[in-house]
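> Give me coordinates for this.
(2 chains)
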Amino acid sequence: MRIHVRGVFLALIALGAAVAVAACGSSSSSSSSSGSSTAVKSGGTITIDSGTPPLSADQGLDFTTQGTELYSVVNTPLLTFKRGVQGTAGAQILPALAKSMPTITDGGKTLSFTLRPGLKYSNGTPIKASDFLYAWERDLKIPWQAASFLSANIVGGTAYANGKASTISGVTTNNSAGTITVHLVAPFAPMVDIFALAGTAPVPPSTGMKNLASTGTLGDGPYKWGPISAGHTYTLIKNPNFSGVPTVPAGHVDKIVYQVNDNVLANAEQVLNNQADVFDPGDTLPASILPQVKSTAADRYAPIPTNSTFYFFVAVNKPPFNNLDARKAVLAALDLRALSRLDSGFLVEDCHLIPTGIPGHSDPSNCTQLTGHAAAGPPNMTLAKQLMQKSGMIGKPVTVWGEERSPRKEYVDYFTSVLNSLGFKATEKIINSGVYFTTIGAPSTKPQAGFGDWVQDFPNPWDFMQLFTSSAGSSLNYGYVSDKHYDSQVASLSTKDANSVASQWAALDDYAVGKGYYMAYGHEEFPKFYSDRLNFNAGVMSVEYQTDMTSLALK
Amino acid sequence: MSLNPFPRSRNRGEGNPSNEDPRGDHTSEGREGVALEDQVLLKPWGQEATTAPGGDQAEQIHAIGPWSLAWRRLRRNKVALGFGCLFILLVALCFLAPVYSSDVAHIGPNQTNVTGTIKLNGKVTNVVSVDGIPIGPTLSSRYFFGADSEGRDLAVRLLYGGRTSLIIGAVATLIIIVFGTLVGLLCGFFRGPIDAILRPLMQLIWSFPPVILGVAVGTALALGGIGPIKGNSLLVPAVIIGVIYVPYLGLPIRGEVLRLGQQDFVDAARVQGMSPWRTMISEILPNAASTIIVFVPMMLAYAILLEAYLSFLGAGVQPPNSSWGTLISDGLQYIFTAPYLSLIPGAMLVLTVLSINVVGDGVRDALDPRAQLRIKT
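Below is the predicted model:
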């Protein structure tokens, strides 16, 4: 037993030493260089620190922001979002493997593409038009997390996904002419955006119809996969056979190592101390290190607005949140300023789902009428308590789901505290960030309430509003919202150009907020934070790809 | 190593190494190298001291039971007593958490206050700044140790967290003692098929590193719970820790029971026709009691530490409830700007475990003077 006493003293000494070492580490941040070079240097290796791994390196399965960052430079689809421009300007769609933007005929129901000549995979194999059909079939079979984008909209997509057809009947290809024709079930404006997602990029027919999580697929982009340790490290190396698509830059650095460590503070420390080069923008810079970053690394840090929305969902199909007054009470009691502080001030308060940079964004001043208080104002607890009394839901148990990653866990702590202050008996279930969304999206989980977020996949309000349609299923519509008016409006507006019906999208967002289908609380600015080794001005934080890997360059 | 302080086949000349008279009035030594208190007539466990065989009054004074003798030794260990008082103080503080929360700090342990303000030196201050930095220690009734990132009062959560850690430690220790003793007795006394089944099972559990086993089981059960016990119940980590550490007591007790089973007094009991169960309960168990008692503080310390590890790793106490482990974990992201968020619960944990260990050492020394003699020589 004396050994234990000595052990405790040893532990104390070790703790002291650890703190001393850590303190030394924090104070040893190197001084930042000023300015950037005008000529962008090529070559070298850089590292990116991320708090969360992608679900898979296979774009035929994964649809996470982390995965998109990576395989968007490996797997180039027919179209692409504009690279090399910062922020929301990067939402513009351009042709990539397609020679031009698609020809849209048949009242918006047919899209025709023609491929550029001489396209090759990274191993030198030519890309054929039929490879696209195979890739889309693979998306439906694995399935891709966004498989419903294809199955619900392409003729024969659902039949193929259900095993009732041997191919997707709505897609025809001609390898000699290099043409691909896609027939849609109904006009669907976001379909063009979908063909700019890496998940729709071609793969050779020799690619297995299974998730290739630890190898990724053969690609055609400026980089190809190097060694992958799934969930830990993902390496990208320059593709020597990149055939030169004008809208996709070739990239500057030779090798990119994407390493995963769920300790976001340690990641930020590493970048601050130049031990890693990029802090993954999908993570929040911890408030504890922010003052240090702002003071000692101001020339290599900038918050960049992105199109993202953070929200809480509640299950509207069962008590207590099948009661409108109970949902409205929660809306009235939520203090969006508090949630912004939990996000180190990166969150711009808003009660709407459609973020600022997307057509259809509703004016945040509407929040006062919809929730009982201004978006950036104090909560209306008087109204909230009146509504709770009226609802008769006081004392009802609620389980709130959340993920471990900061500040997501803190959001859920706050939400739980608000629910308890309203009289619910709320408890939490906090689970690993890597499995959070797959867990709450599983049909068997049926979460009662929880945290959700959505980062723009493409610049169309449908991308956000489809989350709460009854057709979205449990994997996206965590609150089991089923409203015929909402569904029909989303379906109807999605057939038209988003800009032409922006006010109707905004009205639909207001309608859903008023119904308490979701409790959105803000849109986040993402941190662009690099090491001193990188050319900060050359690096681009894209609204579509987060860190645009093709822009990263050493000084 | 036998932890039985007074086997009936003693006296081998071991005892109080300081040669102090237990009454403290004079030094007296009987046989060479043996302190007076070890020359007293010792009574079997569980029996009161009675008149010594000689029957005279002087000898009656020395007829002292082993428990009394152990208590006398413990009382002389000022360091152990000091740490014992510290432990009692910590326990009392933690169990007064609701009083502190409602009457002093005026905020619940899980009540967030991100946009709240307090008056400090006449100046209104944000509990959490606009860019998310929590207020530091105010050393006043509100936010005495400062706030966490969610505006919760660290002092309140510290006391509630301590209460949680101590309750889990105590429940886990109870599980360990009850089941460890039972399994050890059954295996050691009956041997045969019972031993053949239970011993490998205990060895299997023992072969896993407790933290890894705890994290694996804790993570799995934190979601689904155990039967009727919900995943966020404090009983989940308590049961997990208890089960993990049962072999740490069960196997030593088994060894001790095996040794005791070969003693003459057990043979005598058998010869007298005592049933096996009665022999186990009335003869073996009292003689293994000192071993069990020595393990109590050790297991309590282990249990509190393991709870802290598990909660630190997210597999123990579930949020928003606090324990010292969760508080250390929550504070880690502020280790450079607000190190007190981790260091204060860390210090509480260290002080608690240290005090339990020192008291445990004292108890062990009191019950097993031979061990003390070995260490000192």
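> how about the closest residue to residue A:96 other than its chain neighbours, secondary structure?
The shortest distance from residue A:96 to any residue that is not its chain neighbour, by CB to CB, 6 or more residues apart in numbering or on different chains, is 3.8 Å, and that residue is residue A:80. No exception for glycine: its C-beta is placed from N, CA and C like everyone else's. Secondary structure, DSSP: H, G, I helix; E, B strand; the rest coil: residue A:80 is strand.
> what sits against residue A:80?
Applying CB atoms under 8 Å, 6 or more residues apart in numbering or on different chains, one finds that residue A:80 lies in contact with A:93, A:94, A:95, A:96, A:196, A:245, A:247, A:248.
> Residue A:298: neighbour count?
Look at residue A:298: counted by other CB atoms under 10 Å in any protein chain shown, it has 10 neighbours.
> Contact partners for residue B:352?
Neighbour list for residue B:352: B:87, B:90, B:162, B:165, B:166, B:304 [criterion: CB under 8 Å, 6+ apart].
> Among those, which one is most surrounded by other residues?
Neighbours here mean other CB under 10 Å. Within the contacts of residue B:352, the largest count is held by residue B:165, at 32 neighbours.
> Quick check: which element contains it?
helix B:154-190 (DSSP states H and E).
> next one: residue A:454
Taking DSSP H and E as the criterion, residue A:454 maps to strand A:449-455.
> Kindly report the same for residue A:382.
According to DSSP H and E, residue A:382 maps onto helix A:381-391.
> buried set for that helix?
Within helix A:381-391, the residues that qualify as buried by neighbour count (16 or more other CB atoms under 10 Å in any protein chain shown) are A:381, A:383, A:384, A:385, A:386, A:387, A:388, A:391.
> same thing with stretch A:414-434?
Residues of stretch A:414-434 classed as buried by neighbour count (16+ other CB under 10 Å): A:414-424, A:426-431, A:433-434.
> contact partners of whichever strand or helix holds residue A:112?
Applying DSSP H and E as the criterion places residue A:112 in strand A:110-114. Contacts of strand A:110-114 from elsewhere in the structure, counted by CB under 8 Å, 6+ apart, are A:78, A:98-100, A:102-105, A:177-184, A:191-192, A:195.
> which residue packs closest to residue 304, ignoring adjacent ones?
Picking chain A for this. Closest residue to residue A:304 in three dimensions, ignoring its sequence neighbours and counting by CB to CB, 6+ apart: residue A:541, at 4.2 Å.
> The chain in question should be chain B.
Nearest residue to residue B:304 in three dimensions, chain neighbours excluded: residue B:169, at 3.9 Å (CB to CB, 6+ apart).
> pretty sure the one you found is touching residue B:298, no?
No. With contacts defined as CB atoms under 8 Å, residue B:169 does not count as touching residue B:298, sitting 11.7 Å away.
> So for the two, which sits in the more crowded spot?
For residue B:169 versus residue B:298, neighbours defined as other CB under 10 Å are more numerous around residue B:169 (27 against 22).
> got a list of what the more buried one touches?
Remark: with contacts taken as CB under 8 Å, 6+ apart, residue B:169 is in contact with B:241, B:300, B:303, B:304, B:307.
> Residue A:522: what secondary structure?
With three-state DSSP as the basis, residue A:522 sits in strand.
> what's across from the nearest residue to it once chain neighbours are set aside in the sheet?
The shortest distance from residue A:522 to any residue other than its chain neighbours is 3.8 Å, reached at residue A:347 (CB to CB, 6+ apart). Listed beta-bridge partners, residue A:347: residue A:524 (assigned using DSSP bridges).
> ok, the residue nearest to residue A:329 when sequence neighbours are not counted to chain B distance?
Sequence neighbours aside, residue A:387 is the residue nearest to residue A:329 in space, at 3.7 Å (criterion: CB to CB, 6+ apart). Here the criterion is CB to the nearest CB, to the nearest Å. By it, residue A:387 lies 21 Å from chain B.
> Can you name the residues that contact residue A:387?
Each residue near residue A:387 by CB under 8 Å, 6+ apart is listed here: A:325, A:326, A:328, A:329, A:332.
> Quick check: the gap between residue A:83 and chain B.
Distance of residue A:83 to chain B, computed by CB to the nearest CB: 31 Å.
> ugh, wrong one, residue A:417
Between residue A:417 and chain B the distance, using CB to the nearest CB, works out to 4 Å.
> excluding its backbone neighbours, what's nearest that residue?
Once its chain neighbours are removed from consideration, residue A:417 has its nearest residue in residue B:112; the separation is 4.2 Å (CB to CB, 6+ apart).
> try residue A:446
Of all residues beyond its chain neighbours, the one nearest residue A:446 is residue A:315 (6.9 Å), with distances taken as CB to CB, 6+ apart.
> Quick check: pLDDT value at the one you found.
pLDDT for residue A:315: 96.
> about what we covered before: just give the strands next to the strand holding residue A:454 in its sheet, each with its orientation.
When pairs are called by DSSP bridges, strand A:449-455 turns out to pair with strand A:308-314 (antiparallel), strand A:397-403 (parallel).
> Quick check: which of the ones you listed is nearest to residue A:501?
Evaluated over those, closeness to residue A:501 peaks at strand A:308-314, with 19.4 Å, by CB to CB.
> which secondary structure elements does the very next helix or strand once past the closest one contact?
Once strand A:308-314 ends, the next helix or strand along the chain (criterion: DSSP H and E) is helix A:324-333. Using 3 or more CB pairs under 8 Å, 6 or more residues apart in numbering or on different chains; DSSP states H and E as the contact test, the elements touching helix A:324-333 are strand A:308-314, helix A:367-371, helix A:381-391, helix A:408-422, helix A:502-515, strand A:518-530.
> Touching the next helix or strand after the last one from outside, list them.
The helix or strand immediately downstream of strand A:518-530 is strand A:541-542, counting by DSSP H and E. With contacts defined as CB under 8 Å, 6+ apart, strand A:541-542 is touched by A:81, A:83, A:85-87, A:90, A:281, A:302, A:304, A:306, A:526, A:528, A:547-548.
> Now do the same for residue A:224: helix, strand or coil?
The three-state label given to residue A:224 by three-state DSSP is strand.
> which residue packs closest to it, ignoring adjacent ones?
residue A:122 (4.0 Å).
> Quick check: residues of the stretch 251-377 of chain B near chain A?
B:294, B:298, B:301, B:314, B:318-320, B:332-339, B:343, B:346, B:350, B:353-354, B:357-358, B:360-361, B:364, B:375 (CB under 8 Å from any CB of the partner chain).
> which residues in chain B form strands?
Using DSSP state E, the strands found in chain B span residues B:117-120, B:123-126.
> roughly how far out does the last one sit from the chain middle?
Put simply, strand B:123-126 sits 43 Å off its chain's centre (CA atoms, centre = their mean, to the nearest Å).
> tell me the mean pLDDT over that strand?
In this model, strand B:123-126 has an average pLDDT of 92.
> ok now do the residue in the stretch 51-200 of chain B that chain A sits nearest to, which residues does it touch?
Going by CB to the nearest CB, chain A is nearest to residue B:132 of the stretch 51-200 of chain B, at 3.1 Å. Remark: with contacts taken as CB under 8 Å, 6+ apart, residue B:132 is in contact with A:287, A:290, A:341, A:342, A:343, A:344, A:345, A:407, B:149.
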